[in-house]
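**Student:** Sequence first, then the predicted structure, then my questions.
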2 protein chains.
Amino acid sequence: MTRYVGYIAMSLDGFIADADGSVGWLDPFNEALAGDTGYAEFIGTIDALIMGRPTYEQVMRWGWPYETRAGYVLTTKPGFSGEHVVAAGDIETLRAAVATNGHSNVWVMGGGETQRAALDARMFDRLRVFLMPILLGGGRPCFAPGKQHNLTFTGATQKPGGIMQLDYEIKE
Amino acid sequence: MTRYVGYIAMSLDGFIADADGSVGWLDPFNEALAGDTGYAEFIGTIDALIMGRPTYEQVMRWGWPYETRAGYVLTTKPGFSGEHVVAAGDIETLRAAVATNGHSNVWVMGGGETQRAALDARMFDRLRVFLMPILLGGGRPCFAPGKQHNLTFTGATQKPGGIMQLDYEIKE
């Protein structure tokens, strides 16, 4: 069975990037995030990633820091393909391809439209949010606007730098 | 010296009310919130409240559940007055009136425009957020759009019902 997991840093007011899509606001937290968020452990469990096309383009500029892991890109652009991209299309196309390829743990990376698509398709098993001690005041929301979803809180851990790690399962 | 404090329930995606301004989404949490959020202790420390005009109208429908505490209403409407309202006007007018009246602890109640005005006026001393295990998907943001503000995390407490109490001081 495939498990879909969220793992994302978000401002207290619910944003993941500024209005230009930049995540530079996270820079002051990099040391805190690098030190103790369990990223190495987390990414070790992941064998595929789902992301929106803008996020894909951003991570390609970083040089695809996910080694040989398979990329699935949410896009409305027909025939989209790219390095590390195993499948592209709408969320159900991605889910079917993930199932065919037998991945165990898929990271729904973002951005907000992709998180929303995965939410509404009831794909998420777990959501881990790193809540950053900052009010961005605007930008790209962690979850694009859409339906209400109830969560089950499963745990919280205080991290360095005033960061709270919050864990949820998605109820409905 | 007057201390200004925030104390508010917010969805994980940063909303305090649905698009119509209703806080009915909080109903399923009422029991959890009533039991263990320290509201009685909190309100016992408060001697005045600042709120936006829509929030004032909403709490008047509830019958002003703040006893003899003074109300300060943020509004652009000239000459606004009402029951329990000691002063009305822009945020600096309210701050001056609060100072004149010598209040010790003022609750900046909301809504989002009022939280934003208090933030940008650098009035907040402390912010307590009850982070609810729900994604509303839209509605009235806890903080209206505006400038970035850095926070200092001061503590977190796990509450019944999957609610996280998060405490911050406002840095800048």
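**Tutor:** Thanks, I have the structure now.
**Student:** Can you tell me the centre-most residue of chain A?
**Tutor:** Among the residues of chain A, residue A:109 comes closest to the average C-alpha position under C-alpha atoms, centre = their mean, at 2.2 Å.
**Student:** pretty sure that residue contacts residue A:54?
**Tutor:** No. Judged on C-beta atoms under 8 Å, residue A:109 makes no contact with residue A:54 at a distance of 11.2 Å. (C-beta placed from N, C-alpha, C; glycine too.)
**Student:** So what's the residue count around the residue lying closest to the residue nearest to the centre of chain A once chain neighbours are set aside?
**Tutor:** Using C-beta to C-beta, 6 or more residues apart in numbering or on different chains and skipping the chain neighbours, the partner closest in space to residue A:109 is residue A:51 (4.3 Å). Residue A:51: 25 surrounding residues under other C-beta atoms under 10 Å in any protein chain shown.
**Student:** and what of the one 5 residues further on?
**Tutor:** When neighbours are defined as other C-beta under 10 Å, residue A:56 has 26 of them.
**Student:** now the one 3 residues further on
**Tutor:** Around residue A:59 there are 17 other residues, counting by other C-beta under 10 Å.
**Student:** which residues touch it?
**Tutor:** Neighbour list for residue A:59: A:51, A:65, A:66, A:109 [criterion: C-beta atoms under 8 Å, 6 or more residues apart in numbering or on different chains].
**Student:** Show me what the lengthiest helix in chain A is packed against.
**Tutor:** Counting residues, the longest helix found in chain A (DSSP state H) is helix A:91-101. With contacts taken as 3 or more C-beta pairs under 8 Å, 6 or more residues apart in numbering or on different chains; DSSP states H and E, helix A:91-101 sits against strand A:48-52, strand A:70-74, strand A:85-89.
**Student:** Need the residues that contact the first one.
**Tutor:** Spelled out, it's strand A:48-52. A:4, A:59, A:66, A:69-75, A:86, A:94, A:98, A:101, A:103, A:105-111, A:113-114, A:118.
**Student:** so residue A:87 makes contact with residue A:95?
**Tutor:** No. Residue A:87 lies out of contact with residue A:95 (C-beta under 8 Å); the separation is 9.7 Å.
**Student:** which parts of the helix or strand of chain A with the lowest mean pLDDT are buried?
**Tutor:** Ranking every helix and strand in chain A by mean pLDDT, DSSP states H and E puts helix A:30-36 at the bottom, with a mean of 77. Buried residues in helix A:30-36, defined by neighbour count with 16 or more other C-beta atoms under 10 Å in any protein chain shown: A:32, A:33.
**Student:** Which residues does that helix contact?
**Tutor:** A:9, A:26, A:39, A:130, A:159, A:160, A:161, A:162, A:163.
**Student:** export that helix as PDB, just CAs?
**Tutor:** The C-alpha trace of helix A:30-36 is given here as PDB (Å, rounded to 0.1, in the frame of the first residue of the first chain):
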ATOM      1  CA  ASN A  30      18.000  27.100   7.900                       C
ATOM      2  CA  GLU A  31      20.400  26.300  10.700                       C
ATOM      3  CA  ALA A  32      17.500  25.400  13.000                       C
ATOM      4  CA  LEU A  33      15.800  23.400  10.300                       C
ATOM      5  CA  ALA A  34      19.000  21.500   9.300                       C
ATOM      6  CA  GLY A  35      19.900  20.600  12.800                       C
ATOM      7  CA  ASP A  36      16.900  18.900  14.100                       C
END
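**Student:** Can you give the contact residues for the helix or strand just after it?
**Tutor:** Following helix A:30-36 in sequence order, the next helix or strand is helix A:39-45 (DSSP states H and E). Applying C-beta under 8 Å, 6+ apart, the external contacts of helix A:39-45 come out as A:7, A:33, A:66, A:105, A:107, A:128.
**Student:** got the residues of chain A near chain B?
**Tutor:** Residues of chain A lying near chain B by C-beta under 8 Å from any C-beta of the partner chain: A:12-14, A:25, A:119, A:129, A:131, A:133-138, A:141-143, A:145-153, A:156, A:158, A:162-164, A:166, A:168.
**Student:** so of those residues, which ones are in helices?
**Tutor:** Checked against DSSP H, the residues of chain A next to chain B include these in helices: residue A:119.
**Student:** Give me the buried entries from the residues of chain A next to chain B.
**Tutor:** A:12-14, A:25, A:119, A:129, A:131, A:133-138, A:141-143, A:146, A:148-149, A:151, A:153, A:156, A:162-164, A:166, A:168.
**Student:** Give me the subset of the residues you listed lying in strands.
**Tutor:** Per DSSP state E, strands hold the following members of those: A:129, A:131, A:134, A:135, A:141, A:149, A:151, A:153, A:156, A:164, A:166, A:168.
**Student:** Generate TSV for these, with pLDDT as supplementary columns.
**Tutor:** Output for those, formatted as TSV (pLDDT from 0 to 100):
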residue	pLDDT
A:129	97
A:131	98
A:134	97
A:135	97
A:141	97
A:149	96
A:151	97
A:153	97
A:156	97
A:164	97
A:166	98
A:168	98
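**Student:** which one of the residues you listed is nearest chain B?
**Tutor:** Lowest distance from chain B to those (C-beta to the nearest C-beta) belongs to residue A:153, with 3.0 Å.
**Student:** Pick out whichever of the contacts of helix A:30-36 sits closest to chain B.
**Tutor:** Of all the contacts of helix A:30-36, chain B sits closest to residue A:162, with 3.0 Å by C-beta to the nearest C-beta.
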